[in-house]
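Participant: Need the 3D shape of this:
(one chain, ligands or ions: 1)
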Amino acid sequence: MADCIFCKIASGELPSDKVYEDDEVVAFRDIAPQAPTHILVIPREHIESAAKISPDNSRLAARCLEAVARLAASEGLDGGFRIVSNVGGDGGQTVGHLHFHLLGGRKLGERLA
Ligand code: AMP
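Facilitator: Reported below is the predicted structural model:
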């Protein structure tokens, strides 16, 4: 999508601190980290949010989660971690390109909302 910042990060048009990429998935460090490890994992293909995951594209969402698992291990998050995907305004989504937050590196709060 022309004016999607995560599409631009995926294509390299915008800079990012990339920690993983392949032909379908890109992962980069969040610009405003909320935990010692805060990585965003996205599909290269523009999917608006988790609300738009369907049988046509669910393989890409699964590939993102595979990357999350690998990155959690390589970041040494042996004590656990959290995966978050905000959806829409009420869900707190600010970038309209499906992304999974990988958060860890300290004991996270018990409240989710
Ligand atoms: P959400 O609010 O769930 O849509 O998450 C969007 C996330 O993207 C926020 O945590 C932002 O800090 C992060 N973010 C926005 N722009 C960038 C960027 N250029 N590079 C890295 N992370 C970004």
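Participant: Please make it C-alpha for all contacts and neighbour counts, starting now.
Facilitator: OK.
Participant: Give me the distance between E75 and L65.
Facilitator: According to CA to CA, to the nearest Å, E75 stands 15 Å off from L65.
Participant: neighbour-wise, which of the two wins?
Facilitator: Neighbours per residue, other CA atoms under 10 Å: of E75 and L65, the larger number sits with L65, 18 against 13.
Participant: Pull out the buried positions in the helix or strand containing the more buried one.
Facilitator: Using DSSP states H and E, L65 maps to helix 58-74. By neighbour count on 16 or more other CA atoms under 10 Å, the buried set for helix 58-74 is L60, A61, R63, C64, L65, A67, V68, A69, L71, A72.
Participant: now the strands for the protein?
Facilitator: Secondary structure of the chain (DSSP state E): strands at 18-21, 25-29, 37-43, 81-84, 100-104.
Participant: And the fourth one, what does it pack against?
Facilitator: If you count contacts as 3 or more CA pairs under 8 Å, 6 or more residues apart in numbering; DSSP states H and E, strand 81-84 packs onto strand 100-104.
Participant: Check the last one too.
Facilitator: Based on contacts counted as 3+ CA pairs under 8 Å, 6+ apart, the elements that strand 100-104 packs against are strand 37-43, helix 58-74, strand 81-84.
Participant: what's in contact with the shortest one?
Facilitator: Strand 81-84 is contacted by residues A72, F100, H101, L102, L103, G104, G105, L108 when judged by CA atoms under 8 Å, 6 or more residues apart in numbering.
Participant: Tell me who's in contact with the first one.
Facilitator: The reference is to A72. For A72, the contact set (CA under 8 Å, 6+ apart) comprises D78, F81, L102.
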